[in-house]
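Asks: What follows is a predicted protein model with its sequence.
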Amino acid sequence: SVQRGSGLAALSIDVAEKPAIDYEWVELADVPALLEDPTTIVVDVRTDEERADGFLRGSAHAPSTEWEEAPQDTVSKLIGAKDPTSTRLVFHCMYSRERAPRAAMAAVQASPEVKVAILRGGFQGCMAQLWRERPEYFDGVKPERWVEFGRQGLVWAPDANPSAYVAELLAANTQQAPAS
């Protein structure tokens with residue numbers, strides 16, 4: 001089964017909705033400092049498929065499913081030997097509207113001493129606002145998988161054109177199907 005990002009529909013979620021816990025929001029302009037801060041771990045909760053098309057250099061990958069299944073183990077794996085009271089986890093997904101806040105909440109519920117924040121705009125925001133001018137903050141970006149999409153700027157191609165993405169998956173599955 002293919003896991004997908006939350007899609008462009010995530011951009012229409014009312015940001016005025018009050019989350020279950022009061023998160024610290026980190027702005028895209030703060031990304032360079034985050035990546036250099038030894039007390040901060042940037043946590044990418046996107047799927048393997050999404051991350052394969054690019055990620056923030058030095059970020060840790062802990063897909064949202066890990067936060068649903070074993071949040072305490074995931075926190076322990078990320079923090080390792082660091083002091084949880086002086087370590088901040090900054091979460092992002094594609095747009096930081098659904099999966100990142102849920103993972104941050106799971107982290108706090110599993111380890112209340114952990115400080116959490118969410119990267120406003122998510123990875124899509126980073127791509128749209130930072131990638132062209134500061135490519136050194138990124139790894140593994142496949143430019144052909146990012147397309148201009150109106151006011152949103154660069155958007156992950158499967159989110160910008162879901163019909164083409166589904167057709168691509170179907171074609172790939174047809175080619176892989178064994179002959180009967």
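Replies: Structure received.

Asks: so residue 75 is in which element?
Replies: Counting by DSSP states H and E, the element that carries residue 75 is helix 71-79.

Asks: what's that helix in contact with?
Replies: By Cβ atoms under 8 Å, 6 or more residues apart in numbering, the list of residues contacting helix 71-79 from outside reads 41, 43, 60, 62, 66-67, 84, 87, 89, 106-107, 109-111, 114. Yep, even glycine has a C-beta here, placed from its N, CA and C like the rest.

Asks: So for it, what gets flagged as buried?
Replies: Buried residues in helix 71-79, counted by 16 or more other Cβ atoms under 10 Å: 71, 74-75, 78-79.

Asks: picking up where we left off before, keep only those of the contacts of helix 71-79 that are in strands.
Replies: In this view, those that belong to strands under DSSP state E are 41, 43, 60, 89.

Asks: Assess the claim that the last one and residue 111 are in contact.
Replies: Okay, so that is residue 89. No. The pair residue 89 and residue 111 does not pass the contact test of Cβ atoms under 8 Å, sitting 9.4 Å apart.

Asks: Of the two, which one has the most company?
Replies: Taking other Cβ atoms under 10 Å, residue 89 and residue 111 do not tie; residue 89 has more neighbours (25 against 19).

Asks: one step back: just name the lowest-scoring one in the contacts of helix 71-79, pLDDT-wise.
Replies: Within the set of the contacts of helix 71-79, pLDDT is lowest for residue 84 (80).

Asks: how many neighbours does that one have?
Replies: As a burial measure, the neighbour count of residue 84 was computed by other Cβ under 10 Å and equals 17.
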